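*Asks:* Provide a 3D model corresponding to the input given below.
(one chain, ligands or ions: 1)
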Amino acid sequence: MNQQEAVSPRGLANNLYNNYAILRARIERAVELYKNNCVESLGEAKFEVAGNAEIYQITLSLGGCSCTCPDHEKAPGGLCKHILSACLYQAAHVELPARKLPTVIRLAKRLPKF
Ligand SMILES: [Zn+2]
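*Replies:* Sure thing, here's the model as predicted:
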């Protein structure tokens, strides 16, 4: 993995914070996915997230996150609820300064790890 593709949890957290207003509904659904243990880490910034009927493949990358769901093409910044839930997982499993974290990430960090 080169530097451009390296996942930065801090960058992801800042991105969520800066886009919180327009992404609010998707963030709230992402929190539900995360809390319901629908997010599975496959390592190397790859995840599987169980949606209503299908399992979607997610890759987190500063160069551009990807998801196999149809909403990925339509969501602001391509940030569908599956990518956001993978961001929550990533942020909750990496230590970051609390003041840098938006509310949703702070909430996620209070959830039990699994
Ligand atoms: Zn998706």
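
*Asks:* which helix of the protein spans the most residues?
*Replies:* For the chain, the longest helix by residue count, based on DSSP state H, is helix 20-35.

*Asks:* C-terminal to it, what's the next element?
*Replies:* Sequence-wise, the next helix or strand downstream of helix 20-35 (DSSP states H and E) is strand 39-43.

*Asks:* Give me every residue in the protein that's in contact range of the ion.
*Replies:* Cys67, Cys69, His72, Cys80, His82 (Cβ under 5 Å from the ion). The C-beta positions use only the backbone N, C-alpha and C, and glycine is treated the same way.

*Asks:* so who does the fourth one touch?
*Replies:* Shown in contact with Cys80 (Cβ atoms under 8 Å, 6 or more residues apart in numbering): Arg26, Cys67, Cys69, Asp71, His72.

*Asks:* Pick the one among those closest to Ala53.
*Replies:* Cys69 (10.7 Å; Cβ to Cβ).

*Asks:* Now do the same for the closest one: its pLDDT.
*Replies:* At Cys69, the model reports a pLDDT of 96.

*Asks:* unless I'm mixing things up, it is touching Asn52, no?
*Replies:* No - Cys69 lies out of contact with Asn52 (Cβ atoms under 8 Å); the separation is 10.4 Å.

*Asks:* more crowded one of those two?
*Replies:* Higher neighbour count among Cys69 and Asn52: Cys69, with 19 against 4, using other Cβ atoms under 10 Å.
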